[in-house]
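In: Next comes the sequence, and after it the predicted model I'd like to discuss.
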Amino acid sequence: MRKLFLFVLCASLFVGCKKEAAMEPATTTADTAKTVAPAEFADAKYTEIGKAALAAMTSGDMDGWTANYAENAKYYWNAGDSLIGKPAIDKYWRDRRMNVIETISFKNDIWLPVKVNKPQQKIEKAGVWLLGWYQVTAKYKGGSSMTQWMHILYHFDDNDKIDEVNHYVDRVPIMAALPQKK
């Protein structure tokens, strides 16, 4: 009985797939050329921009780190905090890197440059996005260190400048590693 059930199930799926395939209209090369994928891989140069940013942060080269930011850039964290404008982003991270973080390093980084042609939802922006995942270790001045995985999304404007950042971090290990104020 069990074998019969599996046979009928497989046969139904096979016949159903064949019917759907037969009902789909054939596409021509001209039709295919007009169809734009909702998303596609973007140029690898965006990966190099992400890697260069991490290298600049590691060395404390904050001018190099902010070099690819647009003047109107927005920086968002998953907790809801944000910075608006390149000067505010630069001031925050320059102060943090020079006065709070003694050393910082990144490893096991993974990058995916994507071009969104047709946003799937109203909140999604079209254009080039660089998705990054990496393990960060930060040693804080007067405190201890923390290691965690982070995820970051960079959106690029038409001039290949970063105009939006979405940074996903776990603040618990960061706060635990910072020196406690008395």
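Out: Ah, there it is.
In: So what's the residue count around residue 151?
Out: Counted by other Cβ atoms under 10 Å, the residues lying close to residue 151 total 14. In this view, the C-beta of every residue, glycine as well, is placed from N, C-alpha and C.
In: what's across from it in the sheet?
Out: residue 133, residue 168 (DSSP bridges).
In: Please look at it and residue 133 and confirm they touch.
Out: Yes - using Cβ atoms under 8 Å, residue 151 makes contact with residue 133 at a distance of 5.3 Å.
In: which parts of the longest strand along the chain are buried?
Out: If you go by DSSP state E, the chain has its longest strand at strand 101-116. Going by neighbour count (16 or more other Cβ atoms under 10 Å), the buried part of strand 101-116 is 101, 104, 106, 109, 111, 113, 114, 115, 116.
In: Return the member of those nearest to residue 171.
Out: The nearest member of the buried residues of strand 101-116 to residue 171, counting by Cβ to Cβ, is residue 101 at 14.6 Å.
In: So which helix or strand of the chain has the lowest pLDDT on average?
Out: One helix or strand of the chain scores below all others by mean pLDDT, DSSP states H and E: helix 2-23, with a mean of 41.
In: Tell me how far residue 120 lies from residue 69.
Out: 26 Å (Cβ to Cβ, to the nearest Å).
In: More neighbours: the two, which one.
Out: residue 69 (20 against 9).
In: what sits against residue 45?
Out: Residue 45 makes contact with 113, 160, according to Cβ atoms under 8 Å, 6 or more residues apart in numbering.
In: pLDDT value on it, please?
Out: Residue 45 is assigned 98 on the pLDDT scale.
In: Identify the residues contacting the nearest residue to residue 147 once chain neighbours are set aside.
Out: Take residue 147 and drop its neighbours on the chain: the residue closest to it by Cβ to Cβ, 6 or more residues apart in numbering is residue 137, 4.4 Å away. Taking Cβ under 8 Å, 6+ apart as the criterion, residue 137 is in contact with 104, 105, 107, 145, 146, 147.
In: from those residues, which is closest to residue 80?
Out: residue 146 (20.9 Å).
In: Quickly note the distance from the closest one to residue 123.
Out: 31 Å.
In: same thing with residue 39?
Out: 15 Å.
In: Repeat that for residue 108.
Out: When residue 108 is compared with residue 123 (using Cβ to Cβ), they lie 29 Å apart.
In: Could you do residue 106 as well?
Out: To residue 123, residue 106 is 28 Å away according to Cβ to Cβ.
In: likewise residue 92?
Out: Distance from residue 92 to residue 123, by Cβ to Cβ: 24 Å.
In: With residue 93 instead?
Out: 25 Å.
In: about what we covered before: looking at residue 146 and residue 123, which one has more neighbours?
Out: residue 146 (18 against 6).
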